[in-house]
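Visitor: here are the coordinates; sequence isn't available:
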């Protein structure tokens, strides 16, 4: 599949559709929705029906139909290999070399990103010893501010990845 053959947005199925996320070499090939809060799609599928798995969605603070400086997209890490499960594989440099790009399409443009870093984070600082990277900020003012913050947590993330590998 190439960027030009991604599914056409069908907003008639869900008017909250704001984009499409596709990462070649992974199972990630999904519409992105956005609601007025971040709780709705935690337990709703693309059609708005209840599911304990939720669906992939953009943070409510992000711009609709285009990119924020830091477009935040949520999805569950499902052990069955769906949703964002494949993102766990980015801790393997050889796998990364084979799958280095992300495609994100909005109603106003198509974007291709080269992945330059990957790290584990959590929604609760108690789960990672208090080193949580606050990624939930779609309106970061400058790229240097973002890069500075990323740099400050990378060494901690390396340690967390090492611990995770040990548990496996």
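Guide: Received, thanks. The model shown is predicted, which means the values in this text are computed figures rather than measured ones.
Visitor: ok, which stretches of this protein are helices?
Guide: Using DSSP state H, the helices of the chain run over 93-98, 143-167.
Visitor: comparing the ones you listed, which gets the lowest mean pLDDT score?
Guide: Ranked by mean pLDDT, the helices of the chain end with helix 143-167 at the bottom, a mean of 68.
Visitor: now this structure, which segments are flagged as low pLDDT?
Guide: Low-confidence segments of the chain (pLDDT under 70): 1-10, 77-83, 119-143, 146, 149-150, 152-161, 164-168.
Visitor: Show me where it has its strands.
Guide: 17-22, 29-33, 57-58, 73-74, 101-106, 109-114 (DSSP state E).
Visitor: and residue 46, which of those is closest to it?
Guide: strand 29-33 (6.0 Å; CB to CB). Every residue, glycine included, has its C-beta placed from N, CA and C.
Visitor: returning to what we had before: just say which of the strands of the chain is most tucked in.
Guide: Comparing these by mean neighbour count (mean count of other CB atoms under 10 Å), strand 57-58 comes out on top with a mean of 26.
Visitor: and it, what does it pack onto?
Guide: Strand 57-58 is packed against strand 29-33, strand 73-74, with contacts defined by 3 or more CB pairs under 8 Å, 6 or more residues apart in numbering; DSSP states H and E.
Visitor: which outside residues touch it?
Guide: The contact list for strand 57-58 (CB atoms under 8 Å, 6 or more residues apart in numbering) reads 18-19, 32-35, 38, 40-41, 71-75.
Visitor: re the thing from before, can the strands of the chain go into TSV with extra columns for distance to residue 49?
Guide: Output for the strands of the chain, formatted as TSV (distance: least, CB to CB, whole Å):
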stretch	distance to residue 49
strand 17-22	15
strand 29-33	13
strand 57-58	15
strand 73-74	18
strand 101-106	24
strand 109-114	29
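Visitor: Can you tell me which of these is nearest to residue 64?
Guide: Once the strands of the chain are compared by CB to CB, strand 17-22 is nearest, at 5.2 Å.
Visitor: The closest one: partners in the sheet, and parallel or antiparallel?
Guide: According to DSSP bridges, strand 17-22 forms sheet pairs with strand 29-33 (antiparallel), strand 101-106 (antiparallel).
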